[in-house]
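K.L.:
next come a sequence and a model predicted from it.
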Amino acid sequence: MEEKEIALRIERIKRALENEGIEADEKKLREEFLRYLQYDIKPDEAEMRILRKNGVRTAMAVKKKIAEIGPEDGFVTVAARIVSINSATTGDKVRHYGILGDETGTIPFSAWDVEELNNYSKGDSVEINGAIVREWNGVPQLRISKKTVITKLDEEINIKFSPKPTEEAKLADISDGDRVSIMARILSIEEREINIRGEARTIYSGIMADETAKVPFTAWKDFGLKVGDVIKVDGAYVRSWKGVPQINIDEGMDIEKVDEEFPSAEELDAGRLMRIEELEGRSGMTDVMFEGNILQIRQGSGLIFRCPECRRVLNNGICSLHGEIDEPVPDLRIKAVLDDGTGAINVIVGRAITERILGKDVDECVKEARKKMEKGVIAKQIAEILALMPVRVRGNVVSDDNGYTLITTDMEIIDEDPGPKAHELIEEWGV
Amino acid sequence: MMKRELAWRLFAEEYRASTLVESAIEDKSPTYVITPLGARVNRIFLAGTLVEANKKESAEYLSVRAVIADPTGHFYLTTGQYNQDIGYELLNIEIPSFVAVVGKVHTYEPEPGQMRQYIRPEIVKKVDEKVRNRWIVETAQFTKERIDAMREALAMEDHSEETLISLGIPKRLAPGISKAIEHYGDVNLNRYLDMIYDALRYALSPKENVEKKEEFDIKELIDSVAEGDDVYWDKLKAAAKDRGIPEKDLIEEIDRLIREGIIFERKIGEVLRIDRDEWY
């Protein structure tokens, strides 16, 4: 065995022990490890035996190809490429999640509080030693723990996307972690340069839609997609941002432009009216509409001041990050509750729409507030205009611990005469 | 975080016919009123005509009672120590005016077996007729949805929440409907169909189709069917029907007499009793 590999393994054992609060002498570990090898014990097992002898409960991680991993496997070691990696913070805990792939297939992974994963990004080839196999919805997943040892590989691992047919799905039904086969029309697309650890890369992102929903997408390679194209993608993977599912298209996926009958861009672009109760079970939606009443104008509405550095909202002129601010930036927004009789969601309305609703711009609002020596006057005017009124809103629904929030892209007070509808219902229900 | 309670849309007649309350189990858990059509209501959104707003005399703080009429009857609002600002607002709105209200249910039993259904307003606002009419149309649609769900549920032997959901009744409705059937039994759904049908006519524009309300002497009508001090609802309704008095007008008048303390419901929905001291 090469000295490089021995050193790597000793380092790994040492770290695993230290994670358990066990002090380890590197020299002694090395002697012990080599002794196992002399007795024809394979290196993987030798590592495991040393750990178990020290009271670290671990099963032997079996080296597997991704396609071979089944729910019955306890621990596995895989050499894989990171197809995607994301992180989310809950309290002071960080969760990483994403997809790993090798030449046989792909598998989702997740990790709680494994800070080391911050050093890795999409495209890296790694060896993951001692990941736990868990089953979720019948699909195996890898759980990476602090005890899992991750090593970066120099060689590049090729990815083959799941050979098994992925499920055909409508865009309204996709959710985080799915691998799906979809058909959709591209409504918008733009080229963007992003930086992955110093390396510039071009990606193509935009909005696609079928008759059930609009969804943001990212193509990690130039597939020559154009606005208006109807495409079929087999094996696209779904990732969520703030609960909003997004489609990812990467190399190796089957993607084809089709010439089938499909709703026109115009039809797909029209707002999709939903009931709030239909959000249940979904984590987010792109470009949908609701009709309901504004039943509360929340704190933080009206004239607010932001930090010029970070745009955080100031509290008594103080930014939680940058301290006291000399030249705060005035802004307008509305935070409210929309209720449509089937449920209630928060809505956030930005400056442009707030200005339209108030019929004046932010500068006038500042002047007015200064004159009255009270910035609350604007919030009061908003309440006078909007409270209890029927409105039609459009935007993107995101979700977090506080429930659903609509990031509003349009809002109007409903001013149509309900008479014709009343007439229609009388006809419909009349005896 | 606790999920915000949705604001139910229902007509006064349905709210006022409610006799089932699911009380708060813990301090912070909400109280629900369960209506005969199975709405499980903690918060309510309504629009109608403000017809009365009075200061309550005895209170140390401003307390206001207000009455809002919709096409089917009346909602009663009370404000107290913790929403005095809304009390002031109610007193300052011209009567009559169209108003919209969002508020929480509040009930009390003056005597066992009797129940008063109030609303504690969170926001009150003067609105125009269009907003009021939109509420009527929307409330008629939601009520129709409950009537249909109730009809389906009543046809089943098992009324458990799970069965109702498996029938396709929305999750929002199933728990209330299950409890309502247990408590109210076989609800007269046609009464509520008539109610929404009548209510919708108020939202028509132009209003040419709305019947003008016939004037009638309610006391004389009651006297004609009274047995001593007792008045049986079914006989009263039959007598009103004979004279061509619409049921909602009858209920409205009875509501008024109850409010004035001239009669009270001895058995809800069955027997009224006349308070002879106040009668003449």
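P.N.:
The structure has been received and is ready for your questions.

K.L.:
for the residue of chain B found nearest chain A, give me its contacts.
P.N.:
Closest to chain A within chain B is residue B:205: 3.3 Å, counting by Cβ to the nearest Cβ. C-beta: built from backbone N, CA, C; applies to glycine. When the contact criterion is Cβ atoms under 8 Å, 6 or more residues apart in numbering or on different chains, the partners of residue B:205 are A:417, A:419, B:133.

K.L.:
including distance to residue A:106, pLDDT and secondary structure, could the residues you listed go into a markdown table?
P.N.:
Output for the contacts of residue B:205, formatted as a markdown table (distance: Cβ to Cβ, whole Å; pLDDT from 0 to 100; DSSP: H, G, I helix; E, B strand; the rest coil):
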| residue | distance to residue A:106 | pLDDT | secondary structure |
| --- | --- | --- | --- |
| A:417 | 55 | 93 | coil |
| A:419 | 57 | 93 | helix |
| B:133 | 56 | 95 | helix |
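
K.L.:
please list only the buried members of these.
P.N.:
A:419, B:133 (16 or more other Cβ atoms under 10 Å in any protein chain shown).

K.L.:
so residue A:262 lies in a strand, does it not?
P.N.:
No: Residue A:262 is assigned coil when assessed by DSSP: H, G, I helix; E, B strand; the rest coil, not a strand.

K.L.:
next, find the distance separating the nearest residue to it once chain neighbours are set aside from residue A:187.
P.N.:
Leaving aside its sequence neighbours, residue A:262 sits nearest to residue A:230 (Cβ to Cβ, 6 or more residues apart in numbering or on different chains; 4.7 Å). Distance from residue A:230 to residue A:187, counting by Cβ to Cβ, to the nearest Å: 11 Å.

K.L.:
enumerate the residues of chain B near chain A.
P.N.:
B:1, B:3-9, B:45, B:100-102, B:122-123, B:125, B:127, B:130-131, B:133-134, B:136-138, B:140-142, B:144, B:170-172, B:193, B:196-197, B:200-201, B:203-206 (Cβ under 8 Å from any Cβ of the partner chain).

K.L.:
now, which of the residues you listed lie within strands?
P.N.:
B:7-8, B:45, B:100-102, B:122-123, B:125 (DSSP state E).

K.L.:
any chance of these in TSV, with pLDDT too?
P.N.:
Converted to TSV, these look like this (pLDDT from 0 to 100):
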residue	pLDDT
B:7	98
B:8	98
B:45	98
B:100	98
B:101	98
B:102	98
B:122	97
B:123	97
B:125	97
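
K.L.:
my read: residue A:213 touches residue A:172, true?
P.N.:
Yes: using Cβ atoms under 8 Å, residue A:213 makes contact with residue A:172 at a distance of 3.9 Å.

K.L.:
if you count surrounding residues, which of the two has more?
P.N.:
More crowded of residue A:213 and residue A:172, by other Cβ atoms under 10 Å in any protein chain shown: residue A:213, with 22 against 18.

K.L.:
residue contacts, residue A:358?
P.N.:
Listed by Cβ under 8 Å, 6+ apart, the contact set of residue A:358 reads A:332, A:365, A:378, A:381-382, A:385.

K.L.:
one more: residue A:232?
P.N.:
A:181-183, A:254-256, A:258.

K.L.:
separation between it and residue A:250?
P.N.:
Relative to residue A:250, and taking Cβ to Cβ, residue A:232 is found at 15 Å.

K.L.:
what does the pLDDT read for residue 219?
P.N.:
With no chain named, the answer covers chain A. Note on residue A:219: pLDDT of 91.

K.L.:
the intended chain is chain B.
P.N.:
Residue B:219 is assigned 84 on the pLDDT scale.

K.L.:
ok so, going back, in TSV: the contacts of residue A:232, plus distance to chain B.
P.N.:
What follows is the contacts of residue A:232, written out as TSV (distance: Cβ to the nearest Cβ, whole Å):
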residue	distance to chain B
A:181	29
A:182	28
A:183	28
A:254	37
A:255	38
A:256	38
A:258	35
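
K.L.:
among the residues you listed, which ones are in strands?
P.N.:
Members of these lying in strands (criterion: DSSP E): A:181-183, A:254-256.

K.L.:
by neighbours, which of these wins?
P.N.:
Result: residue A:182 is most packed of these (other Cβ under 10 Å), 26 neighbours.

K.L.:
I'd say it and residue A:167 touch.
P.N.:
No: with contact defined as Cβ under 8 Å, residue A:182 does not reach residue A:167; the gap is 9.7 Å.

K.L.:
now do the SS call for residue B:182.
P.N.:
Residue B:182 ends up helix, using three-state DSSP.

K.L.:
residue A:16: what secondary structure?
P.N.:
Following three-state DSSP, residue A:16 is assigned to helix.
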